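Undergrad: Turn this into a structure:
(one chain, ligands or ions: 1)
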Amino acid sequence: MTLHVIVLGSAAGGGFPQWNCGCDNCQSARRGESGFEARTQDSVAVSADGKNWFLLNASPDVLVQVQRTPELWPTGLRDVPIAGVVLTNGDLDHCLGLFLLRESQPLTIYATRRVEEGLRKNVALRTLERFEGHSRWHPLALEREVELLLPSGAKSGIFVLPVAARGKPPLHLMGVMDPHEEDNILLRIRAGTRKLVYASAVADAAPHLEEFASCDALLLDGTFWSEEELPGLGLSLGPAKTMAHQPISGERGTLRKLSDLKGPRRLYTHINNTNPVLNPASPERSTLEAAGWEIARDGLRMELG
Ligand SMILES: [Zn+2]
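TA: Modelled structure (predicted):
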């Protein structure tokens, strides 16, 4: 059994370059400088048979991502190989794509009750309820592995274990809904014995070391290089921890905390446009690569099996 993985988008919210950002990285990407690849917003596609695919998050860039991924193109007039979407949280960067996938196409969505509840506060969600069965929601319960189902009800061979990961409610629900352990999850995706851990928003990796060590590939939150990345640029934004992202570097960074992790293929994803690792000539990039880590990029394919 092979677990097929396609990284559809590898940037944090805003993408790379980000429309309103004039930082050195973004300007280099706009100028098309060598090594500064543009990136769309975080999303992954997984499949057990190479035919039916599930999206892990539906990013605001989903239409572009589908367009440039032949595996996701329709195979008939309304036959799509996208069998469903699994959400890791209710951030717009991970959910806006749902609204772009409407067009009266039945949609299967897996999410925690909490994330579904948050989305249902928005009346726009009714655009996915144009007819009976337009969108079908499957609740994900923490620590309970489920097999994802194809639209026909058949088993997909893809198993998902949702694990609570320290995060925060989406920005637009701050003060509207209290923080909850189901706000943000990481996913262990399994086909047969092959496992991918997808943890694109994690405030603290420490509770998950065992899960990370036993997988074949790890896609980990690489939003920020350092705790003070945004305030350090003179932006009136808080440190990484106020955004519930553990930085890569520093005393409490994932590079140090996971230094014993040697088994799985290790990739940082969900990379913010300000992160110096996006510069291929940066010392930060060398440090990361010397430690055996890679930077995920859009279109990266992995065949685990
Ligand atoms: Zn920028």
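Undergrad: use CA for all of it now, contacts and neighbours both
TA: OK.
Undergrad: Residue of the stretch 51-200 of the chain nearest the ion, please.
TA: For the stretch 51-200 of the chain and the ion, the shortest gap (CA to the ion) falls at D93, measuring 16.6 Å.
Undergrad: List the buried residues in the strand or helix carrying that residue.
TA: For D93, the host element (DSSP states H and E) is helix 92-100. Buried residues in helix 92-100, counted by 16 or more other CA atoms under 10 Å: L92, D93, H94, C95, L96, G97, L98, F99, L100.
Undergrad: How about the residues of the stretch 151-300 of the chain by the ion?
TA: N273, T274 (CA under 5 Å from the ion).
Undergrad: For the chain, just list every one of the strands.
TA: 3-9, 43-47, 53-56, 82-86, 107-111, 135-139, 146-149, 155-164, 185-191, 194-199, 217-221, 265-269, 294-295, 301-304 (DSSP state E).
Undergrad: okay, those, which one's buried deepest?
TA: Burial of the strands of the chain is given as mean neighbour count (mean count of other CA atoms under 10 Å); strand 43-47 ranks first at a mean of 27.
Undergrad: any idea of the mean pLDDT for that one?
TA: Strand 43-47 carries an average pLDDT of 98.
Undergrad: next one: stretch 165-175
TA: The average pLDDT for stretch 165-175 rounds to 86.
Undergrad: what sits against the nearest residue to I158 once chain neighbours are set aside?
TA: Take I158 and drop its neighbours on the chain: the residue closest to it by CA to CA, 6 or more residues apart in numbering is A191, 5.1 Å away. The contact partners of A191, taken as CA atoms under 8 Å, 6 or more residues apart in numbering, are M1, T2, L3, A48, G157, I158, F159.
Undergrad: what comes up buried for the worst-scoring helix or strand of the chain on mean pLDDT?
TA: Lowest on mean pLDDT, DSSP states H and E among the helices and strands of the chain sits helix 229-232, with a mean of 82. Residues E229, L230 are the ones in helix 229-232 that count as buried (16+ other CA under 10 Å).
Undergrad: on that earlier part again, show residues contacting the helix holding D93.
TA: 12-14, 41-43, 57-63, 87-88, 125, 127-128, 170.
Undergrad: could you flag which of those residues are buried?
TA: Buried, going by 16+ other CA under 10 Å: 12-14, 41-43, 57-62, 87-88, 127-128, 170, out of these.
Undergrad: if we can go back for a sec, just grab the bridge partners of the residue nearest to I158 for me.
TA: Legend: beta-bridge partners of A191 under DSSP bridges are R194.
Undergrad: mind checking how far it is from S43?
TA: 19 Å (CA to CA, to the nearest Å).
Undergrad: what do you get for A290?
TA: With CA to CA as the criterion, A290 and S43 are 26 Å apart.
Undergrad: Also L261?
TA: Counting by CA to CA - L261 and S43 are separated by 24 Å.
Undergrad: got it, and R252?
TA: 26 Å.
Undergrad: In a markdown table: the strands of the chain, plus distance to G118.
TA: Converted to a markdown table, those look like this (distance: least, CA to CA, whole Å):
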| stretch | distance to G118 |
| --- | --- |
| strand 3-9 | 24 |
| strand 43-47 | 20 |
| strand 53-56 | 18 |
| strand 82-86 | 15 |
| strand 107-111 | 11 |
| strand 135-139 | 13 |
| strand 146-149 | 22 |
| strand 155-164 | 17 |
| strand 185-191 | 15 |
| strand 194-199 | 21 |
| strand 217-221 | 23 |
| strand 265-269 | 25 |
| strand 294-295 | 31 |
| strand 301-304 | 32 |
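Undergrad: May I have the helix holding D93 exported as PDB, CA atoms only?
TA: The C-alpha coordinates for helix 92-100 follow below in PDB (Å, rounded to 0.1, in the frame of the first residue of the first chain):
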ATOM      1  CA  LEU A  92      -9.900  31.400   6.700                       C
ATOM      2  CA  ASP A  93      -6.500  30.400   5.200                       C
ATOM      3  CA  HIS A  94      -7.700  26.800   5.500                       C
ATOM      4  CA  CYS A  95     -11.400  27.100   4.900                       C
ATOM      5  CA  LEU A  96     -12.000  29.800   2.300                       C
ATOM      6  CA  GLY A  97     -11.400  27.300  -0.400                       C
ATOM      7  CA  LEU A  98     -14.600  25.500   0.600                       C
ATOM      8  CA  PHE A  99     -16.500  28.400  -0.800                       C
ATOM      9  CA  LEU A 100     -14.600  28.200  -4.100                       C
END
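Undergrad: Done for today, thanks.
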